[in-house]
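**Student:** sequence plus the predicted model coming up.
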Amino acid sequence: MALPAAFFAVFFAWPVAAIVARGLKVEGSWRLGRLADVLGDPDILHVLWFTGWQALASTGLTLIIALPGAYVFARFDFPGKELLRAVVTVPFVLPTVVVGTAFLALLGRGGALDSLWGVRLDTTVWAILLAHVFFNYAVVVRTVGGLWGQLDPRQEEAARMLGASRLAAWRRVTLPALGPAVAAAALMVFLFTFTSFGVVQILGGPTFATLEVEIYRQTAQLLALDTAAALTLVQFAAVGAILAVHAWTVRRRESELRLVDAAQTARRPRGAGQRMLLGAVLLTVLLLIVVPLGVLVERSLHTAEGYGLGYFRALTSEEGGAFLVPPIEAIGNSLEYALAATAIALTVGGLAAAALTRRAGRLVRGFDALLMLPLGVSAVTVGFGFLITLDEPPLDLRSSWILVPLAQALVGVPFVVRTMLPVLRAVDHRLREAAAVLGASPWRVWREVDLPLVRRALLVAAGFAFAVSLGEFGATVFIARPDNPTLPVAVATLLGRAGELNYGQAMALSTILMLVCAASLLLLERIRTDRTGEF
């Protein structure tokens, strides 16, 4: 635990604490009264209200739309199932900037709906809610569907034989068993939507702002660090409470259920009702996921001269002055940063997962929750904190390229831990003990016993860490240099500038980023042989 604890202390706790202290500490004394002043501001209260209710609405809507999909993936076997599973997961690994861009191309001014029927939904809450469902659909399908597929269907069949109706058997047998997984999925969706930044920034316009967007505005535009610090504390408290409940639901799910091989529970759809359900889920995936991604690609190819690669060719030019280098260089920068971030995340997350496997005390459970905090704490705060803390020896990193991978690795570590931890816990400890009795050192035990058993999980963790690092935006927007932009920063910069060429280049870069993430995910699905792990 030493290296992961040191990593989080230096690159997470220190920057966040420094920002809070910078905003709430004046001449050596704390101005905690500023917290009450901020929370009494009607505009801030409106932001808090919108943040909470849109997160609740997004979570409820996601559960309603995604739970039938979870059932279909868990219980049905049909051609193209693995490919479809990869397709529905693509939005989850996409940067939120690209998600916002895709829905802007579909729902915004001049978008597909506007061109066909004159309907615009950008700058409305409906665009934000639909984009959140698009982004989080896979969270419910994988978390709930993964467990649903491993529940023994004979328990429900026994209830039916004892006279229970289909609905009663599901409500009394299956639903209680699924409860922890549904709760865990709902909490993760709520967490991601509560801290939403890129989607709201692009689709919300000046009308809507979440806590994360307001922290960015107060920090970057108004330089009101005291207000930003107070909002950071509010968000930190809310996220801590969410993660505490989430950790409890995960432990409950892991300890109370007896599971079977998911391959034994899936079967071909039978009867008109099951075929209609499968058709409805396929239609939902088409309209909710495939259409926005397809419109994004179409917009990247639709130039003023007709369809072609004009916007992609324009990425090689410096004309327009949005960057100090051609936008195409953002691709190479992002790949280099993401590879470095993946290596860091695997090292830190792998050690943390190994430590969490061996011990189960309160301290270790608390450390497990701490590892999840970067998913919910303001990335804007972390990025700005990097600038004011890592600027003098022995950690003067402001001009170093490693600063961006370090920020990206903070987001990648939770995915590594959540992917590897269930697999490591499934390794029979007697194998380790036998190797130790035969004289193997702890390092050799890990290399010859654990590693062969968790190699595939390690590759899956690396793929998820790479994908989420590639799309990190909230912290990177502060620390990426103008001569070394990342893909998400380049997309946001181009969208913020007027002109058809800038819009087209943003669509082209978003398409490239989407294809890279999709290719990584399809590779993961080929590697993955089980459905263990939270993601």
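**Tutor:** That came in fine, so what should we check first? Bear in mind the structure is a predicted one, so any value in this text is a computation, not a measurement.
**Student:** got a list of contacts for stretch 162-176?
**Tutor:** Trp148, Leu151, Gln155, Glu156, Ala159, Arg160 (CB atoms under 8 Å, 6 or more residues apart in numbering). Quick note: C-beta positions are derived from backbone N, CA and C, even for glycine.
**Student:** show me what the helix or strand hosting Ala241 is packed up against.
**Tutor:** Ala241 belongs to helix 225-256 when assigned by DSSP states H and E. The contact analysis (3 or more CB pairs under 8 Å, 6 or more residues apart in numbering; DSSP states H and E) places helix 225-256 against helix 14-24, helix 33-39, helix 42-75, helix 175-194, helix 211-216, helix 362-372.
**Student:** of the ones you listed, which stretch is the most buried?
**Tutor:** helix 211-216 (a mean of 25; mean count of other CB atoms under 10 Å).
**Student:** quick one: distance of that helix to the chain centre.
**Tutor:** Distance of helix 211-216 from the chain centroid (CA atoms, centre = their mean, to the nearest Å) equals 18 Å.
**Student:** same check on stretch 331-349?
**Tutor:** Centre to centre, stretch against its chain (CA atoms, centre = their mean), the figure for stretch 331-349 is 16 Å.
**Student:** got the domain boundaries for this structure?
**Tutor:** 1-31+308-535, 43-296 (automatic domain parsing).
**Student:** dump those domains into a markdown table; add mean pLDDT as well.
**Tutor:** Below are these laid out as a markdown table (pLDDT from 0 to 100):
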| stretch | mean pLDDT |
| --- | --- |
| domain 1-31+308-535 | 81 |
| domain 43-296 | 82 |
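**Student:** now the terminal residues of stretch 282-302, how far apart.
**Tutor:** Taking CA to CA, to the nearest Å as the measure, stretch 282-302 stretches 28 Å from start to finish.
**Student:** name the residues of that stretch that are buried.
**Tutor:** By neighbour count on 16 or more other CB atoms under 10 Å, the buried set for stretch 282-302 is 282, 284-285, 288-289, 292-293, 295-297, 299-302.
**Student:** now do the contacts for Pro393.
**Tutor:** Counting by CB under 8 Å, 6+ apart, Pro393 has no contacts.
**Student:** quick one, helices of the stretch 351-500 of the chain?
**Tutor:** 362-372, 379-389, 403-426, 429-437, 442-445, 451-470, 476-479, 487-495, 500-527 (DSSP state H, counting those that start in this stretch).
**Student:** select, out of the ones you listed, the one closest to Glu82.
**Tutor:** helix 500-527 (5.7 Å; CB to CB).
**Student:** next, the angle from that closest one to helix 487-495.
**Tutor:** 160 degrees (axes from the mean of the first three to the mean of the last three CA atoms, to 10 degrees).
**Student:** may I see the buried residues of helix 500-527?
**Tutor:** 501-514, 516-518, 520-522, 524.
**Student:** gap between that helix and the chain center?
**Tutor:** Using CA atoms, centre = their mean, the offset of helix 500-527 from its chain centre is 16 Å.
**Student:** elements contacting it?
**Tutor:** helix 81-93, helix 96-107, helix 291-301, helix 310-314, helix 329-358, helix 451-470, helix 487-495.
**Student:** what packs against the third one?
**Tutor:** Contacts defined by 3+ CB pairs under 8 Å, 6+ apart place helix 291-301 against helix 96-107, helix 310-314, helix 500-527.
**Student:** would CSV of those with distance to Thr381 be doable?
**Tutor:** Putting the helices and strands packed on helix 291-301 into CSV (distance: least, CB to CB, whole Å) gives the following:
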stretch, distance to Thr381
helix 96-107, 17
helix 310-314, 34
helix 500-527, 24
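**Student:** can I get the strand or helix carrying Val140 in CSV? Just the C-alpha atoms.
**Tutor:** Assigned by DSSP H and E, Val140 falls within helix 125-148. Only the C-alpha atoms of helix 125-148 are listed here, as CSV (Å, rounded to 0.1, in the frame of the first residue of the first chain):
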residue,chain,number,x,y,z
VAL,A,125,-32.1,19.9,-20.1
TRP,A,126,-33.3,17.1,-22.4
ALA,A,127,-30.1,17.2,-24.4
ILE,A,128,-28.1,16.8,-21.2
LEU,A,129,-30.3,14.0,-19.9
LEU,A,130,-30.1,12.0,-23.2
ALA,A,131,-26.4,12.5,-23.4
HIS,A,132,-26.0,11.2,-19.8
VAL,A,133,-28.1,8.1,-20.6
PHE,A,134,-25.9,7.6,-23.7
PHE,A,135,-22.8,7.8,-21.6
ASN,A,136,-24.0,5.6,-18.7
TYR,A,137,-26.0,2.9,-20.5
ALA,A,138,-23.1,0.5,-20.3
VAL,A,139,-22.6,1.0,-16.6
VAL,A,140,-26.0,-0.5,-15.9
VAL,A,141,-25.7,-3.2,-18.6
ARG,A,142,-22.3,-4.4,-17.4
THR,A,143,-22.8,-4.0,-13.6
VAL,A,144,-26.4,-5.4,-13.4
GLY,A,145,-26.3,-7.6,-16.5
GLY,A,146,-23.0,-9.2,-15.4
LEU,A,147,-24.5,-10.3,-12.1
TRP,A,148,-27.9,-11.2,-13.6
